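In: I'll drop the sequence and a predicted model, then ask my questions.
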Amino acid sequence: WNGGGIIALSYEAKSAGVKRSMRGDEASRICPGIRLVTVPVNYEKADLTRYRDAGTAVFELLSEQKGAVICERTSIDEAYLDITAVA
């Protein structure tokens with residue numbers, strides 16, 4: 001085991017030079033304080049079901065705001081929010 005492949009990282013890790021798809025052991029050398037977290041694997045690939053479901057739940061909650069919050073989803077876990085109406 002070489003720490004697996006990095007699939008997501010923080011801004012701090014990015015600024016230290018860690019890149020997506022980098023092996024965990026290499027990321028640890030570059031950024032000694034990094035916390036590596038494993039995800040479930042299905043068919044030899046990362047199974048992001050729980051992560052995707054959690055993101056969907058957050059976006060559903062935002063959509064319940066009925067125009068008070070405009071949410072433009074940009075990825076599995078990122079979005080642009082317009083909260084002008086509630087600010």
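Out: Structure's in. What do you need? Numbers count the residues shown, from 1 in each chain.

In: Mind picking out the helix or strand in this protein with the poorest mean pLDDT?
Out: Least confident helix or strand, the chain: strand 45-46 with a mean of 84, by mean pLDDT, DSSP states H and E.

In: residues of the very next helix or strand once past it that come out buried?
Out: Using DSSP states H and E, the helix or strand that follows strand 45-46 in sequence is helix 49-63. Neighbour counts over helix 49-63 (16 or more other CB atoms under 10 Å) mark 51, 55, 62 as buried. All C-beta atoms are positioned from the backbone trio N, CA, C, and that covers glycine.

In: now, which of those residues sits nearest residue 23?
Out: residue 51 (20.7 Å; CB to CB).

In: my read: that closest one touches residue 40, true?
Out: No - applying CB atoms under 8 Å, one finds residue 51 not in contact with residue 40, separated by 9.7 Å.

In: Distance from the least confident helix or strand of the chain to the middle of the chain?
Out: Centroid displacement of strand 45-46 relative to its chain, using CA atoms, centre = their mean, to the nearest Å, is 14 Å.

In: Going along the chain, name the helices of this structure.
Out: In the chain, the helices defined using DSSP state H lie at 11-16, 24-30, 49-63.

In: among those, which gets the worst mean confidence?
Out: Mean pLDDT values for the helices of the chain show the minimum at helix 49-63, a mean of 88.

In: just how off-centre is stretch 56-73 within its chain?
Out: Per CA atoms, centre = their mean, the centroid offset for stretch 56-73 relative to its chain is 18 Å.

In: Can you give me the first-to-last residue distance of that stretch?
Out: Distance across stretch 56-73, first residue to last, is 10 Å (CA to CA, to the nearest Å).

In: Repeat that for stretch 67-84.
Out: 10 Å.

In: what comes up buried for it?
Out: 69, 71.

In: residues making contact with it?
Out: Outside stretch 67-84, the residues that touch it by CB atoms under 8 Å, 6 or more residues apart in numbering are 48, 51, 52, 55, 59, 62, 63, 85, 86.

In: swap the cut-off to 6 Å and go again
Out: Here stretch 67-84 makes contact (CB atoms under 6 Å, 6 or more residues apart in numbering) with 52, 55, 59, 62, 85, 86.
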